[in-house]
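**Q** Need the 3D shape of this:
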Amino acid sequence: MTAAPKVRVTDEEYLDRERRAETKSELINGEIVAMAGASARHIAITMSIGAALYQRIRTRRMPYLLLGTDQRVHVEATGLYTYPDVTVACGGPHFHPKHHDNLLNPTLIVEVLSPSTEAYDRGAKFAHYQTIPSLAEYVLISQTSHRVEHFRRLETGQWLLTVYEGDEASLDLPALGFAIPLAEIYEQLDILPEPPPT
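**A** The predicted structure follows:
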């Protein structure tokens, strides 16, 4: 048996389908890849980090735009279209000149890790994100333990990893000028069942 040939689509074909679809998909190397639904733990963490970010950026003078899971980001250098869990654009958003519903200049991207996407979020997806000139910080949040990984772009272009663990730790976000306690990110999980073992 031979594998079925992969169907590649143009950006326009993908975006036309995506705008009419009831579920979200990414465009990776010309291929449409369906996104799985999120667990209650995933959604709770996403909402908590979004609320924590909003509480802090709403008092800042610089224009910040905080966006959630329905905001599509386009990585111009690689062609990726994707939906980060949380995105912040500093200094005003820039959208694709032709496809106005695609953000081009995130400063911060947050992904909540799931068993089915963790390897992709850490590897290939992060490689795509690293080509975004405006991206200063990339945050990965674990669902299974109170652990946050923070990648910060240095002036040399290298990425510095800092790991925060435990409720006493705080996620430092230098590009935004504040920190968020991990206890705040994880506070809603107390009323949810533990995730199944992997």
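
**Q** only C-alpha atoms for contact and neighbour calcs from this point on.
**A** Fine.

**Q** Where does the prediction get shaky in this structure?
**A** For the chain, residues meeting the criterion pLDDT under 70 lie at 1-6, 195-198.

**Q** Spell out the secondary structure type for the spatially most central residue of it.
**A** Centroid-nearest residue in the chain: residue 84, 3.0 Å away (criterion: CA atoms, centre = their mean). For residue 84, the secondary structure call by DSSP: H, G, I helix; E, B strand; the rest coil comes out as coil.

**Q** other SSEs contacting the helix ranked longest in the chain?
**A** Longest helix in the chain by number of residues (criterion: DSSP state H): helix 40-57. Counting contacts by 3 or more CA pairs under 8 Å, 6 or more residues apart in numbering; DSSP states H and E, helix 40-57 is packed against strand 64-67, strand 108-112, strand 178-181, helix 182-186.

**Q** what's that helix in contact with?
**A** Contacts to helix 40-57, defined as CA atoms under 8 Å, 6 or more residues apart in numbering, come from residues 64, 66, 68, 85-86, 112-114, 143, 176, 178, 180, 184-189, 192.

**Q** Turn the buried ones among those into a named ChimeraX selection, would you?
**A** To isolate the buried members of these in ChimeraX, using 16 or more other CA atoms under 10 Å:
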select :64,66,68,85,86,112,113,114,143,176,180,185,186,189
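
**Q** And the strands in this structure, which stretches?
**A** 25-28, 31-34, 64-67, 72-75, 80-82, 86-90, 102-103, 108-112, 137-141, 147-153, 159-165, 170-173, 178-181 (DSSP state E).

**Q** mind listing what's buried in the second one?
**A** So the one you mean is strand 31-34. Buried, per 16+ other CA under 10 Å, within strand 31-34: 31, 32.

**Q** Hey, what's the angle from the longest helix of the chain to strand 108-112? Just curious.
**A** Interaxial angle of helix 40-57 relative to strand 108-112 (axes from the mean of the first three to the mean of the last three CA atoms, to 10 degrees): 160 degrees.
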